[in-house]
Structure formats: structure tokens, C-alpha cells
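A.B. asks: Pasting the sequence and the predicted model now:
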Amino acid sequence: MDKVSVIDGRAYPLGLKNVDTDMIIAADWLKTISRAGLGAGAFERLRKDPDNVFDNPAYAGAPIVIAGDNFGCGSSREHAAWAMLDMGITAVIAPSYSDIFSSNAFKNGILAVVLPQEAIDRLMEVAKTDPIHIDLEHQTVTTRFQDRFTFEIDPFRKHCLMDGLDEIGLTLAMDAQIATFEKKAAGERPWMMGEGSA
């Protein structure tokens with residue numbers, strides 16, 4: 001997982017409430033276990049509208065989505081986070097998220113920023129013309145117009161995102177402690193390590 005510290009750039013001013021995981025990536029795209037190529041199917045239903053923000057050249061490559069309440073509701077498909085990452089999206093700013101999407105986003109390196117609706121409304125306006133700056137270390141969202149919004153984040157999630165640690169990375173970071181434990185366990189309970197069996 002890539003480290004997340006500063007996310008800077010244009011933002012898709014989506015603004016919709018209750019964007020469910022089926023809208024993020026439709027069930028037809030769930031026949032794969034690969035993450036590659038899912039960005040092509042991301043927000044497919046919305047992209048049928050020729051005036052959609054995701055295909056507007058002004059937002060090409062935007063790393064941020066600004067959304068409404070309850071983003072990521074619906075089924076628990078992790079493919080939603082995979083599809084967004086494949087599009088290059090590494091942050092979402094919304095008033096609230098479904099718990100399962102928030103968890104999947106975090107586990108895949110997407111920062112889910114929670115801000116009040118007033119801040120969302122302001123950022124929607126800024127996003128139409130200018131970039132937005134997210135600083136995870138200082139937990140701020142800022143604009144060149146001197147807007148400054150602070151957000152809360154679980155300290156463990158912040159640590160993992162800033163150090164690029166997914167569940168496998170967290171385990172590998174404890175390699176020395178695991179080796180010490182296994183050595184001690186082998187001495188105290190050799191039968192658990194397959195030693196001493198007839």
C-alpha cells in the first residue's frame with residue numbers, strides 16, 4: 001500500500017448523497033479478483049450522462065472526490081475501493097460514510113475525510129475551478145482562498161496510512177517480535193513446532 005501524507009489536486013465535485021457501492025462499481029465488474037482495470041467501470045452508471053464530472057477533461061486525473069452523506073453505502077464489495085484507486089482517487093471528502101466502505105477505503109489506502117456539510121458546500125464550489133490540498137499529518141483540508149478545515153481521524157488509521165501499512169504490512173513490521181515468540185515457543189512447546197513427534 002502506498003503511503004498517504006499529502007493529497008493535492010483537482011477534486012471531482014460529485015456532491016451526491018447515498019452513493020452506494022453498486023454506483024461506484026456495478027456487479028457486472030465483480031467477476032474478477034484482480035484490481036487492475038476496474039477504474040474503467042467506476043461510476044459507470046453516472047458516466048452514461050455525457051456531462052458527468054468523471055469524464056470532464058477539467059478533472060482528469062483528480063485524486064479527490066467530494067461527496068454527500070452516506071458515501072459507500074450498500075454492499076460490502078471491496079471492489080469499490082479498488083475501482084476508485086484504479087481511477088487514481090486516493091481521498092474522499094464527505095459528511096459521512098458507511099462503516100464498511102470506510103473500512104475498505106482505509107485498508108486499501110484511501111483517505112476518507114469527514115467534514116460538515118457547510119465545508120462540503122464550500123469545497124464543491126472551489127473544486128469547480130481550483131485544486132484542494134489535504135494534509136493528513138496536520139489533519140487539514142485547505143484551498144488557495146485561505147479556507148482551512150480540520151478533520152478527525154483514528155490515530156491507528158492515520159499511522160497506517162502515513163506509513164503505507166496494510167494488514168500484511170503491519171504483520172511484516174512485527175517480524176522480529178514474531179521470530180522471538182516462535183523461538184521461545186519452540187523451546188517451551190516443541191511438539192507444537194512438529195518436533196519430538198514419533
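C.D. replies: Structure's in. What do you need?
A.B. asks: From here on, just use CA atoms for contacts and neighbour counts.
C.D. replies: Noted.
A.B. asks: got any ranges where the protein has weak pLDDT?
C.D. replies: 195-198 (pLDDT under 70).
A.B. asks: Excluding chain neighbours, what is closest to the most centrally placed residue in it?
C.D. replies: The centre of the chain sits closest to Ile110, judged by Cα atoms, centre = their mean, with a distance of 1.7 Å. Using Cα to Cα, 6 or more residues apart in numbering and skipping residues adjacent in sequence, the residue nearest Ile110 is Thr90, 4.6 Å away.
A.B. asks: Let me see the contact set for the residue nearest to the centre of the chain.
C.D. replies: 81, 85, 89-92 (Cα atoms under 8 Å, 6 or more residues apart in numbering).
A.B. asks: Could you identify the helix or strand that succeeds the helix or strand containing His159?
C.D. replies: Per DSSP states H and E: His159 is located in helix 155-163. Sequence-wise, the next helix or strand downstream of helix 155-163 (DSSP H and E) is helix 167-172.
A.B. asks: distance of the residue nearest to the centre of the chain from Leu14?
C.D. replies: According to Cα to Cα, to the nearest Å, Ile110 stands 17 Å off from Leu14.
A.B. asks: And for the lengthiest helix in the chain, what's in contact with it?
C.D. replies: With secondary structure taken from DSSP state H, the chain has its longest helix at helix 175-188. Applying Cα under 8 Å, 6+ apart, the contact partners of helix 175-188 are 192-193.
A.B. asks: Output that helix as CSV, restricted to C-alpha atoms.
C.D. replies: The C-alpha coordinates for helix 175-188 follow below in CSV (Å, rounded to 0.1, in the frame of the first residue of the first chain):
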residue,chain,number,x,y,z
ASP,A,175,8.8,-9.8,12.0
ALA,A,176,11.4,-9.6,14.9
GLN,A,177,8.8,-10.0,17.6
ILE,A,178,7.2,-12.9,15.8
ALA,A,179,10.6,-14.6,15.4
THR,A,180,11.3,-14.1,19.1
PHE,A,181,7.9,-15.6,20.0
GLU,A,182,8.4,-18.6,17.7
LYS,A,183,11.8,-19.3,19.1
LYS,A,184,10.5,-19.2,22.7
ALA,A,185,7.5,-21.3,21.8
ALA,A,186,9.7,-23.9,20.2
GLY,A,187,11.8,-24.2,23.4
GLU,A,188,8.7,-24.4,25.7
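A.B. asks: What residues of that helix count as buried?
C.D. replies: For helix 175-188, a neighbour-count test (16 or more other Cα atoms under 10 Å) marks nothing as buried.
A.B. asks: Please apply the same query to stretch 4-16.
C.D. replies: Neighbour count says stretch 4-16 has 4-5, 7-15 buried, by 16+ other Cα under 10 Å.
A.B. asks: Same question for stretch 78-92.
C.D. replies: Neighbour counts using 16+ other Cα under 10 Å place 78-87, 89-92 of stretch 78-92 among the buried residues.
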